[in-house]
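Participant: Return a 3D structure for these sequence lines:
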Amino acid sequence: MIYGFPGKEATWYENPKGREGHWQRHVIFSVVDNESPDLPISPETGNPRWFAAQRLRWLCEADWKNPGAPWTFHPISPKGDYQRFTHGLGYGDINGDGRVDIVEKDGWWEQPASLANDPVWTKHPFTFGSGGAQC
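Facilitator: Residues are numbered from 1 along each chain as shown. Sure thing, here's the model as predicted:
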């Protein structure tokens with residue numbers, strides 16, 4: 001994955017697997033904010049999911065049967081004051097339920113039991129610090 005600068009697109013390049021020519025470029029998402037998005041492996045699927053921000057927290061998932069297609073967007077939070085250079089993002093199973101939660105400097109977002117219909121995740125306010133790149 002290539003993510004060069006907040007406010008720009010994120011892409012990945014497909015290995016030509018022995019064919020002549022350049023690696024094919026694929027767009028994951030057209031505009032990504034946040035200085036340090038994360039790409040953890042989903043414990044549910046074993047595939048990477050991408051967490052970032054763009055006026056709200058979100059995750060993107062690939063269709064692994066067609067990984068060259070744009071990834072699917074899923075909101076995590078309502079719109080907030082996130083901006084291009086928002087600092088502090090991490091992930092982990094904070095409450096021990098086996099699901100990946102999102103951590104930011106002002107609290108953590110609890111992943112619901114089901115992601116069907118894109119529910120807003122529950123925010124648990126907590127002051128972890130003043131920012132930083134990865135949490």
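Participant: what pairs with the helix or strand hosting residue 33, and is each one parallel or antiparallel?
Facilitator: Taking DSSP states H and E as the definition, one finds residue 33 inside strand 24-38. The pairing partners recorded for strand 24-38 under DSSP bridges are strand 8-14 (antiparallel), strand 49-53 (antiparallel).
Participant: Out of these, which one sits most buried?
Facilitator: Sort these by mean neighbour count, taking mean count of other CB atoms under 10 Å, and strand 49-53 sits at the top with a mean of 23. All C-beta spots, glycine's among them, are computed from the backbone N, C-alpha and C.
Participant: after that one comes which helix or strand?
Facilitator: Following strand 49-53 in sequence, per DSSP H and E, is strand 57-61.
Participant: in its sheet, what does that following strand sit against?
Facilitator: With DSSP bridges as the test, strand 57-61 is paired with strand 49-53 (antiparallel), strand 72-75 (antiparallel).
Participant: which stretch in those is the model least sure about?
Facilitator: Lowest mean pLDDT within the strands paired with strand 57-61: strand 49-53, at a mean of 68.
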